[in-house]
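J.: fold the following.
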Amino acid sequence: MRELRTFELDEPGHPVNWRARHGQSVTALEGTLWLTLEGHLADIWLRPGEVYALTEGERVWLSGEAPAARFLLTETPAPWSLRRAVFIVRQLKRRWDACKTDAFGDCPQIHA
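T.: The predicted structure is shown next:
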């Protein structure tokens, strides 16, 4: 199953930004879109009908060249096994972070 969302940009030149998730792509519907991606040397211009597949985790800035530029954001969710692995890693990281203290302290010990 894919999720499809249509967005219309209010003002030209005022970018919106987000961190891309697994399986996201941007499709220009009306007007020209301007994509800036973190770590990329060149910007990307999309005309109506053109699609750009985003890489998971990259920061995206998107703006329109003209008023009322519209785009479609498509997202295909990660497979269940990958989502489960990410969940487990996040839980382990939270536990690790909860155990860490400053340089002069010790990890709290819970005695039952």
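J.: give me the most central residue, this protein.
T.: Nearest residue to the geometric centre of the chain (CA atoms, centre = their mean): A20, 1.8 Å.
J.: tell me where the chain has helices.
T.: Ranges of helices in the chain, per DSSP state H, are 80-99.
J.: circling back to that earlier point, pull up the gap between the residue nearest to the centre of the chain and E11, please.
T.: Remark: distance between A20 and E11 (CB to CB, to the nearest Å) = 23 Å. For the C-beta atoms, the positions are set from N, CA and C on the backbone; glycine is no exception.
J.: got the contact list for the nearest residue to the residue nearest to the centre of the chain once chain neighbours are set aside?
T.: Spatial nearest neighbour of A20, chain neighbours left out: L54 (3.8 Å); criterion: CB to CB, 6 or more residues apart in numbering. Counting by CB atoms under 8 Å, 6 or more residues apart in numbering, L54 touches 20, 24-26, 37, 60.
J.: now list the buried members of those residues.
T.: 20, 24, 26, 37, 60 (16 or more other CB atoms under 10 Å).
J.: closest to P48 out of those?
T.: Checking the buried ones among the contacts of L54 against P48 by CB to CB gives V26 as the nearest, at 12.2 Å.
J.: who is the closest one paired with across the strands?
T.: Counting by DSSP bridges, V26 forms beta bridges with Y52, L73.
J.: gap between it and G49?
T.: Distance from V26 to G49, by CB to CB: 12 Å.
J.: touching, P15 and L62? I think so.
T.: Yes. Here P15 reaches L62: they are 6.0 Å apart, a contact under CB atoms under 8 Å.
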